[in-house]
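Student: Need a 3D model of the following:
(chains A and B)
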2 protein chains.
Amino acid sequence: MSDSTSFHMTPDEFRRQGRAVVDWIADYYERVETLPVMARVQPGEIRAALDPAPPQRGEPFETILADMEKLMPGITHWQSPNFFAFFPANTSGPSILGELISAGLGVQGMLWATSPACTELETHVLDWVADALGLPAKFKSNSAGGGMIQDSASSAVLCALLAARERASDNQINERGGNDKLVAYASTQTHSSLEKAMGIAGLGRKNLRLIAVDETFALRVDELERQIQADRAAGLAPFFVCATVGTTSSNAMDPIAAIGARCQQEKLWLHIDAAMSGTAALCPEFRALQNGVEFADSYSFDPHKWMFTNFDCDCFFVADRAALIKALSILPEYLRNQATESGAVIDYRDWHVPLGRRFRALKLWFVLRYYGIEGLRHHVRAHVALAQNFAEQIRQSENFELVAPPPLNLVCFRHVNGDAFNRQLLERLNASGRIYLTHTLLNDQYTLRFCVGQNNTQARHVDAAWRLIQQTAQEIESENA
Amino acid sequence: MSDSTSFHMTPDEFRRQGRAVVDWIADYYERVETLPVMARVQPGEIRAALDPAPPQRGEPFETILADMEKLMPGITHWQSPNFFAFFPANTSGPSILGELISAGLGVQGMLWATSPACTELETHVLDWVADALGLPAKFKSNSAGGGMIQDSASSAVLCALLAARERASDNQINERGGNDKLVAYASTQTHSSLEKAMGIAGLGRKNLRLIAVDETFALRVDELERQIQADRAAGLAPFFVCATVGTTSSNAMDPIAAIGARCQQEKLWLHIDAAMSGTAALCPEFRALQNGVEFADSYSFDPHKWMFTNFDCDCFFVADRAALIKALSILPEYLRNQATESGAVIDYRDWHVPLGRRFRALKLWFVLRYYGIEGLRHHVRAHVALAQNFAEQIRQSENFELVAPPPLNLVCFRHVNGDAFNRQLLERLNASGRIYLTHTLLNDQYTLRFCVGQNNTQARHVDAAWRLIQQTAQEIESENA
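Tutor: Purely as a prediction, here's the structure:
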């Protein structure tokens, strides 16, 4: 119970309940493998178990914690080793504990002055990350650029777009609004967040040109070039290209170096979205996938996907931080302070949409230190090897086929029996509760995606998944026979 | 140490280290009152204590946790009972533990299907909050509207602006970009995030009209009316008004009912920013401050300010969720699923900028249940009483004066000796480490802000602060004499 005079949880009760919650989480990880991966509830089922009105009087913490069981049937287990859907959204022990300290300290990092350690650790760890991924020196804080944590790759691409928009319009859109001429470019496979950002930024979704891809689903530079020239001839103003290291649909790798050379020549802002696959650059042998990254004006990847750091944690780097700040800064009197006016500090509120900021660098610092680069590389390599082995089994199978080349840890495949069969196969696999996959469309074909990236996934899980996929396909075939 | 073959933290190690972190946090709360509130480090001082390169090999968790001490001199203690700066950014035991479970489960709530409990609890708790604050039924999920959690009031006002922009332009700006005519309105005291959002949305910061305020720093409806008519006469298209319940500078209360009636007549989107002061509506006796809320198209307030729920947790309500979704939805194939297509569920990714989402409703659910409405009201009333008592002492003082009426828990005051003196006073108070205040400009006068809202603040802290303020002013006066 709370302190009866203050209603607050005393430090002593926090110790006791904190231990109970830590144990609850450890218990969860000990059983997560046994739980149905995808939640099986119907819409409204979870709400129906909850009290319709907020409690007038406080309740004991034990009652609240026990009620987690009312929610569990509605949890899809992203931390299950049998989760192969979407891209992963990993967490890990050190990350969870970093997040816990962040919640405990409860500091606001909107300005350097409002908690200098929050800003400085973020700058520091982002410099570490730039080094660990072999990113160009222009993304480090001792250059004209630097890195920061955004909530997501969606917000990062919006901020890149805003910085590019203002550079291209000489800060006129920020001031006066409107967009007569600016057009942006990306492949047909680029993440939908760019189209969303074009709308948000008032640039118009129709002013995003979706460029055709080659047989690997990578952007065709000849088509990009042709479209840029056509737009210039029409009096429009090309200003922004988004290239992807590992598209969401099929993990396709856009040819960064060729796109980058074109952007440099045409003076276009190049943003690189490496949301999941950027993590692979931890390993020297995979770094070639982003050759040409030195051309980029901005770059983002998500440690909350494949680097064991819980959501939200997107690392966003820019080469020209002044361009970003120009697009996003506002300085009302109540935020003025000596440190800001000295120019000697970073105020991250001017680097993104929100004003307030959590101390998100802590969890990333904890993860980098606990695993070390060595430990992170170990898992990237293990996941890639498991996915490549899975792909090899698809290649050797008579009934399944690869639909796209698998450069890293995502395998896109389908059963030879066509779309309806594959849709039925996916539904049955997910309904089994034993694994969770998602789908996409490639060349208009319904395609299953198998992404190996959950940090608890081992060879036995991938092997069991492949057996289940084969068995389930056989069952459907015999039912249809 | 980590599991030597996997580098992961085992559940058993998580139990042990989790307890250490819980104890670290409890220890922190036991000593936070004794720490200098505002960090005293110089720019770069924290970074200088950190390893320049990321570790190649993993380190024991004990080493990492011990290194928190390297950061502590750079922490400004927002959870100190002597924190009176800005608006508060509270956390509490149940909130920290809710955040911990969220990090432990590590689920993604971008779609209902990706973890139904994450979406349903959020909808459910936001309905609770609407009831607890006496908000109109149109903001509840069984109407055409509904509530959701955003990271901040800045993001909320951006989303409100985007929904209004698309309603006013018949979805043309989203599609085609540009802004010829749309103009928005707010008072000169409105939070800077609205101006920032006008720029982000491509509407142009100059198309935000900042309306003059009265002697209480509240928006003048006659001036609003005059400006709207002038803009219409100039062929422009008024579309959006932001009214504030408790401005950041001085906690001024815009006349919501009068503004709302005007908006209804003129068919303008009315957004209400109640970032801190919305919490006061928990108490029936303070609810009149937002009379007229039934006119609003959207409303936001921050439990992460004054409702004991750690950042980030902004509650954002809209009356017409279809307008919001129209502005922000995108549906690529890889996110399609049966639940979404059934129309029976909410997919919150279409309600805000990012795609991914943390399970933020947990901490809010924990706070509402642990305190109960009764416990939350207790603290709101206590903080208001402490601030009103502080204001009364200012009124009775010969050397200090109130600069604005204090409707709730923020007191704006100054020493009679003028701007330079007040600036010196603030710097010396903050340098003492014993309290932390911030300043603003009101009527071009340098003004000290004293906000009582930290959940551990009691009468003795406010009394000590008032004594320190008087003593420090006397010291400066005698030095200058």
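Student: got the buried residues for stretch A:81-89?
Tutor: Burial within stretch A:81-89, assessed by neighbour count using 16 or more other Cβ atoms under 10 Å in any protein chain shown, is assigned to A:81-89. Glycine gets a C-beta too; all of them are placed from N, C-alpha and C.
Student: By mean pLDDT, which helix or strand of chain A comes out lowest?
Tutor: Using mean pLDDT, DSSP states H and E, helix A:338-342 stands out as the lowest-scoring helix or strand of chain A, at a mean of 79.
Student: contacting residues around it?
Tutor: Residues outside helix A:338-342 that contact it (Cβ atoms under 8 Å, 6 or more residues apart in numbering or on different chains): A:111-113, A:116, A:331, A:345, A:347, B:43.
Student: The buried residues of stretch A:81-89: which ones sit near chain B?
Tutor: Filtering the buried residues of stretch A:81-89 for neighbours of chain B using Cβ under 8 Å from any Cβ of the partner chain leaves A:86, A:89.
Student: so, if you compare the buried residues of stretch A:81-89, which one comes nearest to residue B:35?
Tutor: residue A:89 (35.4 Å; Cβ to Cβ).
Student: Which of the contacts of helix A:338-342 has the largest number of neighbours?
Tutor: Greatest neighbour count in these, by other Cβ atoms under 10 Å in any protein chain shown, goes to residue A:116: 29 neighbours.
Student: which residue sits closest to that one, ignoring its sequence neighbours?
Tutor: Residue nearest to residue A:116 in three dimensions, not counting chain neighbours: residue B:74, with 4.1 Å by Cβ to Cβ, 6 or more residues apart in numbering or on different chains.
Student: Check residue A:159 too.
Tutor: Nearest to residue A:159 is residue A:352, by Cβ to Cβ, 6+ apart, at 5.7 Å.
Student: now residue A:123
Tutor: residue A:141 (4.9 Å).
Student: Doesn't residue A:224 belong to a helix?
Tutor: Yes: under DSSP: H, G, I helix; E, B strand; the rest coil, residue A:224 sits within a helix.
Student: Quick check, it in contact with residue A:241.
Tutor: Yes: the criterion here is Cβ atoms under 8 Å, and residue A:224 meets it with residue A:241 at 7.2 Å.
Student: Please enumerate the shared neighbours of the two.
Tutor: In contact with both residue A:224 and residue A:241: A:185, A:259, A:262, using Cβ under 8 Å, 6+ apart.
Student: Can you add distance to residue B:228, pLDDT and secondary structure and give these back as TSV?
Tutor: Formatted as TSV, the shared contacts of residue A:224 and residue A:241 follow (distance: Cβ to Cβ, whole Å; pLDDT from 0 to 100; DSSP: H, G, I helix; E, B strand; the rest coil):
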residue	distance to residue B:228	pLDDT	secondary structure
A:185	40	98	strand
A:259	47	98	helix
A:262	48	97	helix
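Student: Run through chain A and note the low-pLDDT ranges.
Tutor: Where chain A drops to pLDDT under 70, the residues are A:1-4.
Student: quick one on the thing from earlier: buried ones in the least confident helix or strand of chain A, by neighbour count?
Tutor: For helix A:338-342, by 16+ other Cβ under 10 Å, it's A:339-340.
Student: and stretch A:424-434, which residues are buried?
Tutor: So, applying 16+ other Cβ under 10 Å, buried residues of stretch A:424-434: A:424-426, A:429-430, A:432-434.
Student: Which residues does that stretch contact?
Tutor: So stretch A:424-434 is contacted by A:35-38, A:40, A:82, A:415, A:435-439, A:448, A:464-465, A:468-469, A:472-473, A:475-476 (Cβ under 8 Å, 6+ apart).
Student: count of residues packed around the residue in the stretch 201-350 of chain A positioned nearest to chain B?
Tutor: At 1.7 Å from chain B, residue A:202 is the closest residue in the stretch 201-350 of chain A, using Cβ to the nearest Cβ. Per other Cβ under 10 Å, the neighbour tally for residue A:202 reads 29.
Student: measure it to residue A:153 for me?
Tutor: 21 Å (Cβ to Cβ, to the nearest Å).
Student: which outside residues touch stretch A:436-443?
Tutor: The contact list for stretch A:436-443, computed with Cβ under 8 Å, 6+ apart, reads A:37-38, A:76-77, A:80, A:82-86, A:217, A:248-250, A:403-404, A:412, A:422-423, A:426, A:429-430, A:446-450, B:333-334, B:336.
Student: Which stretches in the stretch 151-300 of chain A count as strands?
Tutor: For the stretch 151-300 of chain A, the strands defined by DSSP state E, counting those that start in this stretch cover A:182-187, A:208-211, A:237-244, A:269-273, A:298-301.
Student: Of all those, which one comes closest to residue B:212?
Tutor: Closest to residue B:212 of those is strand A:182-187 (Cβ to Cβ; 35.2 Å).
Student: which strands and helices sit next to the closest one?
Tutor: Applying 3 or more Cβ pairs under 8 Å, 6 or more residues apart in numbering or on different chains; DSSP states H and E, one finds that strand A:182-187 contacts helix A:153-169, helix A:192-200, strand A:208-211, helix A:221-233, strand A:237-244.
Student: ok, back up a step: what comes up buried for the next helix-or-strand element following the least confident helix or strand of chain A?
Tutor: Beyond helix A:338-342 on the C-terminal side, the first helix or strand identified by DSSP states H and E is helix A:361-396. By 16+ other Cβ under 10 Å, the buried positions in helix A:361-396 come out as A:361-373, A:375-380, A:382-384, A:386-387, A:390-391, A:393-394.
Student: Return only those of those found close to chain B.
Tutor: With Cβ under 8 Å from any Cβ as the criterion, these include A:365-366, A:368-373, A:375-376, A:378-379 near chain B.
Student: which of those sit farthest apart?
Tutor: Using Cβ to Cβ, those span at most 19.4 Å, a distance reached by A:365 and A:378.
Student: circling back to that earlier point, could you list which of the contacts of helix A:338-342 belong to helices?
Tutor: residue A:116 (DSSP state H).
Student: center of chain A - which residue?
Tutor: By Cα atoms, centre = their mean, chain A has its centre lying nearest to residue A:302, at 4.2 Å.
Student: Please tell me I have it right and residue A:325 contacts residue A:349.
Tutor: No: contact criterion Cβ under 8 Å: residue A:325 and residue A:349 do not qualify, at 10.0 Å.
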